[in-house]
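**Student:** structure, please.
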Amino acid sequence: ALSGVLHFPLVYRLVQAAWPTDFPGVVPTLFAVPPLVSLVAIRRAPAGDARARLNQVAWFGGVALLFLTLIFPIQFERQWLTVGWALEGAALLWLFHRVPHAGLRGTGLVLLVAAFARLALNPAVLEYHPSTGTALLNWYLYTYGIVTACLFAGARLLAHPAGREPDRTASVGTPPPRERAPGLNAPPLLDALGTVLAFLLLNIEIADFFSVPGSRVLTFQFSGNFARDMTYTIAWALFALGLLLIGIWKKIRPGRRAALALL
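**Tutor:** Predicted coordinates for the structure are as follows:
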């Protein structure tokens, strides 16, 4: 299952160097074919050891989703690795619903947290590309927006069905409690990370709108410009109001407190 992962960087760079194309997403598309064919072969094979079959489906399914989720970020230019991590993480959690392998859930969580850290805890990411002068519809929106959506999707995928108690005596082939990863309750964590990243995106878009086109470093300034200062204030208030309404609707006490603090 991992052979394609090991070969992909070499083949992708070879194609870029020898046969440059406007559609680089074709390469991961072709790499997704062998694991998908392998999945079909596994399903048609005679039933054997349940645990071995579960591992095979998890590995080949995870690798197939890896290449399928690489198509979109590779086709675009900026922050494709981070976006790929987020899409793969959400895809693995989706696969975990159908293939109850704990490794899928753990890997998906690690990828989503890594994508968050790459954007939220790495200030250098704001220096990688000069400002394009395009308001809102820019690479910040699709990069931070996609990762934020993947974090929220991951939280929904791991949320335990309402009204049902988790089965603590799960056997092979039965999903373990969705929401429980080793040492943490995953859905609240992913929701919190998604909210933080959405708030960061809001501030980045405002800072980019008021920055000089072509400037290399995106800076945050909260004084000296009346229009910019009022934009920050109004945006923060609207974000806090939305967070407060969601906290009341979903009965999330930390969300309500965070909204009041921001307001």
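
**Student:** can you report how many residues lie near Ala32?
**Tutor:** Residues within reach of Ala32, counting by other Cβ atoms under 10 Å, total 20. C-beta: built from backbone N, CA, C; applies to glycine.

**Student:** quick one: mean pLDDT over whichever helix or strand Pro188 is part of.
**Tutor:** Using DSSP states H and E, Pro188 sits within helix 186-209. Averaged across helix 186-209, the pLDDT comes to 92.

**Student:** what's the following helix or strand after that helix?
**Tutor:** In N-to-C order, the element after helix 186-209 by DSSP H and E is helix 226-250.

**Student:** now do the buried residues in that next one.
**Tutor:** Neighbour counts over helix 226-250 (16 or more other Cβ atoms under 10 Å) mark Arg228, Thr231, Tyr232, Trp236, Phe239, Ala240, Leu243, Leu244, Gly247 as buried.

**Student:** ok, the second one - contacts?
**Tutor:** Contacts here follow Cβ atoms under 8 Å, 6 or more residues apart in numbering; on that basis Thr231 touches Ile206, Phe209, Phe210.

**Student:** show the pLDDT at the residue nearest to the last one when sequence neighbours are not counted.
**Tutor:** Ranked by Cβ to Cβ, 6 or more residues apart in numbering and with sequence neighbours excluded, the top spatial neighbour of Phe210 is Arg228, at 4.6 Å. pLDDT, the model's per-residue confidence, is 88 for Arg228.

**Student:** please name the residues that touch Arg228.
**Tutor:** Ile206, Phe210, Gln221.

**Student:** roughly how far apart are the first one and Leu200?
**Tutor:** This points to Ile206. According to Cβ to Cβ, to the nearest Å, Ile206 stands 11 Å off from Leu200.

**Student:** now swap in the last one and tell me
**Tutor:** Distance from Gln221 to Leu200, counting by Cβ to Cβ: 16 Å.

**Student:** and the two? Which one has more around it.
**Tutor:** The neighbour count for Gln221 versus Leu200, taken as other Cβ under 10 Å, is higher for Leu200 (16 against 12).

**Student:** give me the number of residues near the closest residue to Ala235 other than its chain neighbours?
**Tutor:** Leaving aside its chain neighbours, Ala235 sits nearest to Leu202 (5.6 Å; criterion: Cβ to Cβ, 6+ apart). For Leu202, the neighbour count with other Cβ under 10 Å is 16.
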